[in-house]
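Asks: This is the structure alone, sequence omitted:
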């Protein structure tokens, strides 16, 4: 047996090449998605100065994320109908069209439309990379693939700010989006050559179980969560005060309705085990949500870097990448620590580190910041990212290894992206609200933003404590299935609820 390849792949060169090709394409899709995040964040101040609409700065992120929610909820269905290659190509094509629309934007409204389309493609790209991992790669490679995905974010950390910053300083921001269109085309061509249309890839068929295709589309869940995310997004532009509170309350109520609907419905987005009494799956998802909250700060970092410290677009772009650099470094540094006790401690410590890092970043925000202050921001943002890096895989891996049924397992893996996108959407939208509450003072806006996100990140701490206190928790690096009693309970959720 070769290291990291199952017996079949080790003796079948064609199968080995197919597995490696799959990993390259999935990693490439993540690299395009990650790079675009930093390119866009670096370009946005320049874009909005040209097309107008600075009041809608947060909407450029929430428009992307709201449509990503919709796309993420459909991941398992898209994979069922089109297999991995079809799903990847659809995501890349839609993403490329949206990016081209951003490049050609004459106004803020066309830009927002482009971001909506980008979000659909981006949601598919990032979601497929996680869900297809469970479907088409040997279990031995899941941990390695998570590390490779983390590395792709590190690639985006460098390439994104560099590209975005250079094009912004050259007053050629449209070309920055154009480069991302070209990148999506290149990965699409590689996908056509490397991925099979369907059939055998790795340890599992490149399709969920046959029963998955017959399941109805989860229309109720789609409507509730998408409208809920949009309601919170609107809170950032309505008049301050009662209207803002009302929109946030409406969004929270719709998400609560989404969870209740999911618990009772047969056409769910998340697997049934999520809602089973005593299941650990819900806490793993909640831990991912708490960590994701910290990531949403990246949208605003270049903006405050330019406004509070007078950084150039290029320097502000690299400042924005400090968080993900910490994430990638910590995930790679701790990936070999797989002892059960250590994993439980990581699940508790990681969200606490995120909250502390964001709180310290908030405390360090002030107008006319000099080089020392900026250096401190880099450190505190890297600490925030380190918390995400040390905890993400510890919450994510048990989700992928908790269910034996193929259709439900696909939902569980796709649910990782669903939870990330929903948490990111709400974090970004609430961040926009906090920024507007602090206006016109950039210092107050920055402090409210980072401080508010620090409080929200404590959701992950609660989840980490809950999983650490339960016996038999899954351990990263093992195939720890949920107890049969929990699976049986999950099958009876609709009736019991």
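Replies: Received, thanks. For clarity, every value in this text was computed on a predicted model and none was experimentally measured. Residues are numbered from 1 along each chain as shown.
Asks: contacts, neighbours, all on C-alpha from now
Replies: Will do.
Asks: How many residues are close by residue 268?
Replies: When neighbours are counted by other C-alpha atoms under 10 Å, residue 268 registers 24.
Asks: And it, how close does it get to residue 274?
Replies: 10 Å (C-alpha to C-alpha, to the nearest Å).
Asks: and residue 240, helix, strand or coil?
Replies: Here residue 240 takes the coil state, with states given by DSSP: H, G, I helix; E, B strand; the rest coil.
Asks: burial count for residue 49?
Replies: Neighbours around residue 49, by other C-alpha under 10 Å: 10.
Asks: hang on, it in a helix?
Replies: Yes: applying three-state DSSP, one finds residue 49 inside a helix.
Asks: check contacts around it.
Replies: For residue 49, no residue meets the contact criterion (C-alpha atoms under 8 Å, 6 or more residues apart in numbering).
Asks: all numbers from here: first residue = 55
Replies: Renumbered: residue one is now 55, and that last one reads residue 103.
Asks: quick one: it from residue 161, how far?
Replies: Where residue 161 is concerned, residue 103 sits at a distance of 11 Å (C-alpha to C-alpha).
Asks: same check, this time on residue 200
Replies: From residue 200 to residue 161 the distance is 38 Å (C-alpha to C-alpha).
Asks: neighbour count winner among the two?
Replies: Shown here are residue 200 and residue 161; by other C-alpha under 10 Å, residue 200 has more neighbours (22 against 15).
Asks: wait, what's in contact with the more buried one?
Replies: For residue 200, the contacting residues are residue 447, by C-alpha under 8 Å, 6+ apart.
Asks: cool, and residue 340?
Replies: Counting by C-alpha under 8 Å, 6+ apart, the residues that residue 340 touches are 473, 513-514, 517.
Asks: Next: residue 402.
Replies: 515, 517-519, 522.
Asks: can I get those in JSON lines with secondary structure, distance to residue 417 and neighbour count?
Replies: What follows is the contacts of residue 402, written out as JSON lines (DSSP: H, G, I helix; E, B strand; the rest coil; distance: C-alpha to C-alpha, whole Å; neighbours: other C-alpha atoms under 10 Å):
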{"residue": "515", "secondary structure": "helix", "distance to residue 417": "21", "neighbour count": "24"}
{"residue": "517", "secondary structure": "helix", "distance to residue 417": "26", "neighbour count": "25"}
{"residue": "518", "secondary structure": "helix", "distance to residue 417": "25", "neighbour count": "29"}
{"residue": "519", "secondary structure": "helix", "distance to residue 417": "26", "neighbour count": "17"}
{"residue": "522", "secondary structure": "helix", "distance to residue 417": "30", "neighbour count": "19"}
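Asks: Then residue 391 would be within a strand, right?
Replies: No: using three-state DSSP, the secondary structure at residue 391 is coil, not a strand.
Asks: Count the residues that sit near it.
Replies: Using other C-alpha under 10 Å: residue 391 sits among 13 other residues.
Asks: And it, its phi and psi?
Replies: Main-chain torsions, residue 391, degrees, to the nearest 10: phi -90, psi 100.
Asks: Assess the claim that it and residue 399 are in contact.
Replies: No: with contacts counted by C-alpha atoms under 8 Å, residue 391 stays clear of residue 399, the gap being 11.1 Å.
Asks: now the strands for the stretch 205-354 of the chain?
Replies: Applying DSSP state E, counting those that start in this stretch to the stretch 205-354 of the chain gives strands spanning 254-255, 258-259.
Asks: Looks like residue 435 contacts residue 413 (just checking).
Replies: No: contact criterion C-alpha under 8 Å: residue 435 and residue 413 do not qualify, at 9.9 Å.
Asks: okay, these two: which has more neighbours?
Replies: A side-by-side neighbour count of residue 435 and residue 413, using other C-alpha under 10 Å, places residue 435 first with 31 against 23.
Asks: Tell me how far that one lies from residue 305.
Replies: With C-alpha to C-alpha as the criterion, residue 435 and residue 305 are 29 Å apart.
Asks: Now find how far off-centre the helix or strand harbouring residue 503 is within its chain.
Replies: Using DSSP states H and E, residue 503 sits within helix 496-510. Mean-position distance between helix 496-510 and its chain equals 21 Å (C-alpha atoms, centre = their mean, to the nearest Å).
Asks: Which strands or helices does it pack on?
Replies: helix 335-349, helix 355-363, helix 394-417, helix 460-492 (3 or more C-alpha pairs under 8 Å, 6 or more residues apart in numbering; DSSP states H and E).
Asks: among these, which is nearest residue 370?
Replies: Among the helices and strands packed on helix 496-510, the nearest to residue 370 by C-alpha to C-alpha is helix 355-363 (4.5 Å).
Asks: residue contacts, the residue nearest to the spatial centre of the chain?
Replies: Centroid-nearest residue in the chain: residue 474, 4.4 Å away (criterion: C-alpha atoms, centre = their mean). Residues counted as contacts of residue 474 (C-alpha under 8 Å, 6+ apart) are 342-343, 346.
Asks: cool, and residue 356?
Replies: Contacts of residue 356 (C-alpha under 8 Å, 6+ apart): 95-96, 367, 370-371, 373-374.
Asks: any idea which of the residues you listed has the most stuff around it?
Replies: Neighbour counts for the contacts of residue 356, by other C-alpha under 10 Å, peak at residue 96, which reaches 37 neighbours.
Asks: Tell me the buried residues in the helix or strand containing that residue?
Replies: Assigned by DSSP H and E, residue 96 falls within helix 67-105. Buried residues in helix 67-105, counted by 16 or more other C-alpha atoms under 10 Å: 69-70, 72-102.
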